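A.B. asks: pasting a predicted model and its sequence here:
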Amino acid sequence: MPFNAIDVVDMHTGGEPVRIITSGYPPIPSGTILEKRAYVRDRLDDYRRMLMFEPRGHFDMYGALLVEPNLPGADLAVLFMHNEGYSTMCGHAVIALGRYAVDQGLVEAVEPVTVVNIECPCGMVVAHVEVADGKAGAVSFESVPAFLFAADQTVEVPGYGAITCDIAYGGAFYALADAGQFDLEFGRSRIRDFVDAATALTEAAKIAVPLSHPDHADLAFLYGSILTDGGDGSTRPSTNVCVFADAQVDRSPTGSGVTARLAAMHAKKPLPQDEMRTFRSITGADFTGAVVRREKLGEFDAVVARVSGRAFYSGTARFSVEADDPLAAGFLLR
């Protein structure tokens with residue numbers, strides 16, 4: 001298909017890229033955010049491949065497409081994309097978009113904190129952007145209700161044996177497991193080994209633990225696995241790595257993953273309200289997180305968590321495709 005020229009602003013949160021698509025995308029019909037997600041997945045997926053894949057992107061590129069909001073009160077709406085498709089929630093992108101919205105005047109800057117309501121496929125996410133002297137800084141967000149779906153599940157993972165994990169939802173579903181069960185240790189084991197272990201756990205858990213979500217069937221899929229150091233982030237940062245989509249590695253601590261971890265912790269042993277926990281990624285970047293209130297979501301006892309981090313600009317670009325380029329659709333090497 002012929003491609004329009006696409007303008008983007010690139011940011012990163014804790015080292016995890018966020019390619020914000022600002023213009024050039026084909027029109028997307030009005031409707032709910034999940035209907036928009038289905039439309040771009042079914043009709044415009046070549047654009048995702050062109051922007052996420054080489055030679056314009058790479059295996060671990062991440063994107064955010066701004067679309068017309070549908071929910072009342074939303075300041076902006078976003079579709080998230082990656083190497084495999086379209087996710088339902090992305091905390092690191094929300095942190096970047098909160099700062100971007102203030103800097104670009106999408107919302108009126110209010111000191112000391114500007115509220116940005118961001119409509120995501122999982123629902124409304126509320127970002128709080130620190131503003132000083134007109135400049136946006138750290139961002140925290142409160143996501144949709146999060147919950148522990150299944151605790152202490154024993155999953156037979158080929159090549160690793162019986163692995164115990166929790167399945168929790170933080171805007172997306174994750175399998176959570178102590179990396180020690182795979183004989184892996186942060187700072188000593190290769191990232192490649194974490195990726196292989198987490199990918200194997202995801203595939204095994206998809207079969208072993210059928211998922212459902214009270215709001216919509218489109219939300220009921222296992223997005224990835226998060227391997228942790230076994231800590232709870234209370235007295236020292238708890239290191240984790242999230243491997244999602246097609247073995248894509250999150251460089252940040254993973255905002256929706258931190259939300260899921262907090263929900264799982266709280267379900268097993270209630271956390272004091274607003275007690276801050278710290279979570280660290282493989283780049284050394286930290287997110288802080290806390291449970292701010294309890295809620296009920298269908299049959300699940302859920303929590304709303306607040307997660308905080310920093311995002312930074314890394315560049316701008318205009319991408320184009322020549323009609324006779326044999327690699328126009330993009331490719332991935334791993």
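C.D. replies: Cool, got the structure. Numbers count the residues shown, from 1 in each chain.
A.B. asks: what's Gly180 sitting at in phi/psi?
C.D. replies: When read as degrees, to the nearest 10, the backbone of Gly180 gives phi -60, psi -30.
A.B. asks: dump the residue contacts of it.
C.D. replies: Gly180 makes contact with Asp229, Gly230 under the criterion Cβ atoms under 8 Å, 6 or more residues apart in numbering. Glycine gets a C-beta too; all of them are placed from N, C-alpha and C.
A.B. asks: now the one 4 residues further on
C.D. replies: The neighbours of Leu184, taking Cβ under 8 Å, 6+ apart as the test, are Asp193, Phe194, Ala197, Leu227.
A.B. asks: name the SS class of it, please.
C.D. replies: Look at Leu184: counting by DSSP: H, G, I helix; E, B strand; the rest coil, its state is coil.
A.B. asks: measure it to Cys165 for me?
C.D. replies: In this structure, Leu184 and Cys165 are 14 Å apart, going by Cβ to Cβ, to the nearest Å.
A.B. asks: from the chain's centre, how far out does the helix or strand hosting Leu79 sit?
C.D. replies: Element membership for Leu79 (DSSP states H and E) is strand 76-81. The chain centre lies 11 Å from the centre of strand 76-81; the measure is Cα atoms, centre = their mean, to the nearest Å.
A.B. asks: and what of stretch 154-166?
C.D. replies: With Cα atoms, centre = their mean, you get 24 Å for stretch 154-166.
A.B. asks: again with stretch 21-39
C.D. replies: Between the centre of stretch 21-39 and the centre of its chain there are 19 Å (Cα atoms, centre = their mean).
A.B. asks: quick check: end-to-end length of that stretch?
C.D. replies: 17 Å (Cα to Cα, to the nearest Å).
A.B. asks: tell me which residues of that stretch come out buried.
C.D. replies: Ile21, Thr22, Gly24, Tyr25, Ile28, Ile33, Leu34, Lys36, Arg37, Tyr39 (16 or more other Cβ atoms under 10 Å).
A.B. asks: cool, stretch 266-275 as well?
C.D. replies: Buried residues in stretch 266-275 (16+ other Cβ under 10 Å): His266, Ala267, Leu271.
A.B. asks: in CSV: those residues, plus pLDDT, distance to Arg306 and secondary structure.
C.D. replies: Below are the buried residues of stretch 266-275 laid out as CSV (pLDDT from 0 to 100; distance: Cβ to Cβ, whole Å; DSSP: H, G, I helix; E, B strand; the rest coil):
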residue, pLDDT, distance to Arg306, secondary structure
His266, 97, 13, helix
Ala267, 97, 17, helix
Leu271, 95, 12, coil
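A.B. asks: which of the residues you listed sits closest to Asp152?
C.D. replies: Using Cβ to Cβ, Ala267 comes nearest to Asp152 of the buried residues of stretch 266-275, at 11.0 Å.
A.B. asks: surely that closest one touches Ala146?
C.D. replies: No - counting by Cβ atoms under 8 Å, Ala267 stays clear of Ala146, with 9.7 Å between them.
A.B. asks: from the chain's centroid, how far away is stretch 247-256?
C.D. replies: 7 Å.
A.B. asks: what is the mean pLDDT for it?
C.D. replies: Stretch 247-256 comes out with an average pLDDT of 97.
A.B. asks: report the buried residues of that stretch.
C.D. replies: Of the residues in stretch 247-256, Ala247, Gln248, Val249, Asp250, Arg251, Ser252, Pro253, Thr254, Gly255, Ser256 count as buried by neighbour count, 16+ other Cβ under 10 Å.
A.B. asks: the first one contacts Ala197, doesn't it?
C.D. replies: Read it as Ala247. No - the criterion here is Cβ under 8 Å, and Ala247 misses it with Ala197 at 10.9 Å.
A.B. asks: overlap in contacts of those two?
C.D. replies: With Cβ under 8 Å, 6+ apart, Ala247 and Ala197 have no common neighbours.
A.B. asks: quick revisit: what is in contact with Ala267 and Ala146 at once?
C.D. replies: In contact with both Ala267 and Ala146: Ala168, using Cβ under 8 Å, 6+ apart.
A.B. asks: about what we covered before: hmm, which two among the buried residues of stretch 247-256 are most spread apart?
C.D. replies: Largest pairwise distance in the buried residues of stretch 247-256, by Cβ to Cβ, is 19.8 Å, between Ala247 and Gly255.
A.B. asks: which helix or strand lies directly C-terminal to the helix or strand where Thr154 lies?
C.D. replies: Per DSSP H and E, Thr154 falls inside strand 147-157. The helix or strand immediately downstream of strand 147-157 is strand 161-169, counting by DSSP H and E.
A.B. asks: which residues in the stretch 51-200 of the chain form helices?
C.D. replies: 91-103, 191-208 (DSSP state H, counting those that start in this stretch).
A.B. asks: Phe331 is nearest to which of the ones you listed?
C.D. replies: Among the helices of the stretch 51-200 of the chain, the nearest to Phe331 by Cβ to Cβ is helix 191-208 (19.9 Å).
A.B. asks: other SSEs contacting the closest one?
C.D. replies: Counting contacts by 3 or more Cβ pairs under 8 Å, 6 or more residues apart in numbering; DSSP states H and E, helix 191-208 packs against strand 147-157, strand 161-169, strand 173-178, strand 222-228, strand 238-244, strand 248-249.
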